[in-house]
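S.K.: 3D model of this:
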Amino acid sequence: MPKSHTKKATMTKNDTQKADGGEVIHPSGDDDNQKFPPLVASYNDKIRPILDAVDKLRRLNVTQEGIPLPSIVVVGDQSSGKSSVLESLAGISLPRGQDICTRVPLIMRLQHHPDRVPEFRLEFQKKSVKIVKESQISEAISKATVEITGNSKGISNVPLSLVVKKKGVPDLTMVDLPGITRVPIGDQPKDIYDQISGMIIEYIKPDESIILNVLSASVDFTTCESICMSRRVDSTGQRTLAVVTKCDRSPDGLREKVTTNDVNIGLGYICVRNRINDETYEEARNQEATLFESHPLLSKIDKSMVGIPVLARRLVEIQSVIISRCLPDIVKKIDERLNASVLDLNKLPRILTSIPDAMVAFMQIIGSLKETLHKILIQGEFDEYENEKQMHCNARFAGMVDELSKDLHARLNFSENFLVEEMQVLEEANGIRLPHLLPQLVFRSLIQRKVNGVSDLPVSFVNKVWGYLEIVCGRVLMDRCGNYPQLLPLMSKATQNVIDKMKARFNKRVVEMIEMEMITDYTCDPDFITSYNKLMGHRDQFLYAVSKGQSYTMNEEGYGHGTINTTHLGRVSANTRDQAFDLKMRISAYWKIVLKRMVDCLALQMRLFMYKLVNKDMEVEMANEVVACGGGLEKMLDEPPSLARKRARLQSSISLLQESKNIIEHVMDVVMVKEPF
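M.R.: This is a model prediction of the structure:
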């Protein structure tokens, strides 16, 4: 058995404990004025205010902010006796019946109350109903349940909170959930089991939850549905305490079941006898004490494992431990969520009330947009988008230029139909002229063909560059203007307009560049002669291959490589062949310079147009679209509904979290004064 279940934890009839008010309570019920069940009356002064604070946080519904609160969650199969256990702890009557009695989460807040006049209150859906008499509690719960779920037997996740302030009850907060049932009855939904199991898992899954698993003594614990569910989220059982009911009906073998612990209940077992029929709670406790003291089988169970008083004391102990353990995390998470909400609220644009305010905000947007685009497009910085490679613009542009260069050079290859094209051009240009004197039109004709053959690549490059620019500008615009969605369409339109204009101008330059290369063959690059001479150095090897009818492998860096088939050149006259070879080498040497010139020109033009886009054209276009034509400044004064809802949600969250923080800080101050936490 766990260490927590020892003789030290047992409460006997002669034990006495002091209540908060200093009065001595006799747990056995010997006090003539003690009408309530003989429960734990003493309470640690350090834990009580903390529990009150946690209950306040629960009433504030701080869990909606992602702040988990420590809870004791009561689960069990239908008719396992869950409600009866809660009745015994609280000394009140809850709804009973053969069907699902608990159809919504019932949060029971039990508080020891020095006054002999108890107080009861039911809270749900922002309502608070004061219950005058104990006898009205069951009816009030049933009525509130119907109000939440309707007259059907379905369930709902909307909780009820029952506050019980009563003399002698333990200071406990527990959540009672619907009993597990597999077979829908009446008008229950077909998926009733899935709904109930989903609700149970939601409540017992957090590490802050203690699972109070109520089991009937008559069932096989290893196949019990509630045990299976609790083991799904608490495989080690360290958060699970088992309460065994109806012990008087199935005493055989019970001692072995709770001591062998086949289902790994880490917090141990407590066997109880609930109230039967019209017994008073005092009578029920007396009968329970007699049962576990005199029954031939049940009396053999260790006294630290039997009785409602022991259960109450164990729950108080467990609750004290879990609250003490979770409180620092609660404080930390509240601070984290509060800081995050404040940060999100501060990121929202301030509410604008006049055109001058709107103009200032608009100019700030423009300035921020220009600054960001200048950093990522011109300077090559990407601190803001460090983890987004798509926004590392200089690297992406460099990649596009490299790809263009590779594609252009891939079109240069010696091995395909070697010299055939050159010989055809020479034949067409044949005329009455001196031998070996090539007319200018021959060279230019071949250059025009080659330029025309790659003219699609610069155009494709432009489309790729400006398509990428649209993505980058759109992303930055969303980041800088996303808080003014009423302004965003105008800004996006202006951005698209200026990009389209820049792209058209870039395309015009590309067309002019291609036209220039087609009509003029010129370079002052000294590398032309060097490259030509290097290529001509292959002439003797080439002629030897032709004379032998062999293939020739030419591998020259920057000009492609491959095996050249020379068999088709054996019958060509030496004069034509020599002129064609010379022409081929001249064209190749010059073409290398043309390609380099194209790449350099496109890269420089790209940088120039981006510079103009960022530093001048975009600002002018946006000012014209938003201020002069679009009425955008007036639109900025109207906060969009979505933004207003977000602002209200954040303000509500901050208010709730701040109130929660104040509650925790106050209770921590109180606790620290009494005893260091």
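S.K.: now the strands for this protein?
M.R.: With DSSP state E, the ranges of strands along the chain come out as 17-18, 24-25, 71-76, 106-112, 119-124, 127-131, 160-166, 172-176, 209-216, 240-245, 269-271, 552-555, 561-564.
S.K.: least confident of those strands, on average?
M.R.: Out of the strands of the chain, strand 24-25 stands lowest, with a mean of 31 (criterion: mean pLDDT).
S.K.: that older thread, which of the strands of the chain is buried the deepest?
M.R.: Comparing these by mean neighbour count (mean count of other Cβ atoms under 10 Å), strand 269-271 ranks first with a mean of 27. Bear in mind the C-beta positions are built from the backbone N, C-alpha and C, glycine included.
S.K.: centre of the chain to that one, how far?
M.R.: 41 Å (Cα atoms, centre = their mean, to the nearest Å).
S.K.: which elements pack onto it?
M.R.: Applying 3 or more Cβ pairs under 8 Å, 6 or more residues apart in numbering; DSSP states H and E, we find strand 269-271 packed against strand 240-245, helix 254-260, helix 308-347.
S.K.: apply 6 Å and report the result again.
M.R.: strand 240-245 (3 or more Cβ pairs under 6 Å, 6 or more residues apart in numbering; DSSP states H and E).
S.K.: next, the angle from the strand it packs on to strand 209-216.
M.R.: Interaxial angle, strand 240-245 versus strand 209-216 (axes from the mean of the first three to the mean of the last three Cα atoms, to 10 degrees): 30 degrees.
S.K.: list the contacts of strand 240-245.
M.R.: 81, 85, 211-217, 230, 234, 265-267, 269-271, 274 (Cβ atoms under 6 Å, 6 or more residues apart in numbering).
S.K.: stretch 385-401 now?
M.R.: Contacts for stretch 385-401 (Cβ under 6 Å, 6+ apart): 376-377, 380, 382, 464, 603.
S.K.: could you rerun that using 10 Å?
M.R.: 372-373, 375-382, 384, 461, 464-465, 468-469, 471-472, 475-476, 479, 599-600, 602-603, 606-607, 610 (Cβ atoms under 10 Å, 6 or more residues apart in numbering).
S.K.: alpha carbons of it, as CSV, please.
M.R.: The C-alpha trace of stretch 385-401 is given here as CSV (Å, rounded to 0.1, in the frame of the first residue of the first chain):
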residue,chain,number,x,y,z
TYR,A,385,12.5,37.0,-40.9
GLU,A,386,15.5,35.0,-39.8
ASN,A,387,13.7,31.7,-39.7
GLU,A,388,11.9,32.2,-43.1
LYS,A,389,14.2,31.5,-46.0
GLN,A,390,11.6,32.7,-48.4
MET,A,391,12.2,36.2,-47.1
HIS,A,392,16.0,36.1,-47.4
CYS,A,393,15.7,38.2,-50.6
ASN,A,394,19.3,38.6,-51.7
ALA,A,395,20.0,34.9,-51.5
ARG,A,396,16.8,34.2,-53.5
PHE,A,397,17.8,36.8,-56.2
ALA,A,398,21.3,35.5,-56.4
GLY,A,399,19.9,32.0,-57.0
MET,A,400,17.7,33.3,-59.8
VAL,A,401,20.6,35.0,-61.5
